[in-house]
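> Sequence isn't available, so here's the structure alone:
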C-alpha cells in the first residue's frame, strides 16, 4: 500500500458567511458554493516530492494509505465530492493529539514551531476569498501553488516526525 500525503485548498467567501468558522465541515462541503481550488500530493513512490494539482488525480485509491492533517475535512471531501474511498486513513492531527497529550496546540503551525521548522505562510488564502477558480489570476495561481506545495512539505515532515511515536 502506497502512502500519500494530501492537502486540499478550497474556496471560501467570508463576507457571505461561507467559511469553516461559520459552518460545520458537512455543511461546508455539501453547500452549492463548495469548490476545490487545488491541492498537493506527496507520494511515497515519488520520494514524497510535492506535486501540485488543480484536479484530483486518478489513482488506485484502494491501495493508498491517505495521510492528511485533519482527516475529518480532507477525507470528507474526497469521499463526499469525488466518491473516493482510500484503502487506509491516517490523520496527523489525531497522531499529534495522541503523542502530545495535554497540549491544545495541534495545528500545522503549532507543530512546525514544536519541530523548529518554518510554518505556514499567513494571509495567502486571502487572495482567493470570495473568488471562484475561474476568476483567479495567473499571479493568484502562482501564489496559491507556492503556498499549497509548502503545506504539502510541512504535512509530510510532520507526519514523518509523528509516525515514530504512534503504534
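Looks like it arrived, so ask away. The shown structure was predicted, so the numbers you read here are calculated from the model rather than taken from an experiment. Residues are numbered from 1 along each chain as shown.

> Quick check, pLDDT for the residue of the chain positioned farthest from its centre.
Using CA atoms, centre = their mean, the residue of the chain lying farthest from its centre is residue 102. It sits 24.4 Å away. According to the model's per-residue confidence, residue 102 sits at a pLDDT of 77.

> start at 3 instead
In the new numbering, first residue 3, that becomes residue 104.

> is it fair to say it lies in a strand?
No: in this structure, residue 104 is coil, not part of a strand, as judged by DSSP: H, G, I helix; E, B strand; the rest coil.

> Okay, it and residue 40: tell me how far apart.
For residue 104, the distance to residue 40 (CB to CB, to the nearest Å) stands at 35 Å. Backbone N, C-alpha and C define where each C-beta goes, glycine included.

> Show me where the chain has its strands.
Here the chain has its strands, by DSSP state E, at 4-12, 38-45, 52-55, 66-70, 90-93.

> Nearest to residue 153 among the ones you listed would be which one?
When the strands of the chain are compared for distance to residue 153 using CB to CB, the nearest one is strand 4-12, at 4.6 Å.

> Tell me the buried residues in the closest one?
Using 16 or more other CB atoms under 10 Å as the test for burial, strand 4-12 gives 5-12.

> Let me see the contact set for the residue nearest to residue 15 when sequence neighbours are not counted.
Closest residue in space to residue 15, ignoring its immediate chain neighbours: residue 132 at 4.6 Å, by CB to CB, 6 or more residues apart in numbering. For residue 132, the residues meeting the contact criterion (CB atoms under 8 Å, 6 or more residues apart in numbering) are 14-18.

> burial measure for the nearest residue to residue 165 once chain neighbours are set aside, as a count.
Of all residues beyond its chain neighbours, the one nearest residue 165 is residue 97 (7.0 Å), with distances taken as CB to CB, 6+ apart. When neighbours are defined as other CB atoms under 10 Å, residue 97 has 22 of them.

> Could you export the contacts of residue 132 as JSON lines, including distance to residue 63, pLDDT and neighbour count?
Written out in JSON lines, the entries for the contacts of residue 132 read as follows (distance: CB to CB, whole Å; pLDDT from 0 to 100; neighbours: other CB atoms under 10 Å):
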{"residue": "14", "distance to residue 63": "26", "pLDDT": "94", "neighbour count": "22"}
{"residue": "15", "distance to residue 63": "29", "pLDDT": "95", "neighbour count": "16"}
{"residue": "16", "distance to residue 63": "32", "pLDDT": "93", "neighbour count": "12"}
{"residue": "17", "distance to residue 63": "35", "pLDDT": "94", "neighbour count": "9"}
{"residue": "18", "distance to residue 63": "32", "pLDDT": "95", "neighbour count": "11"}
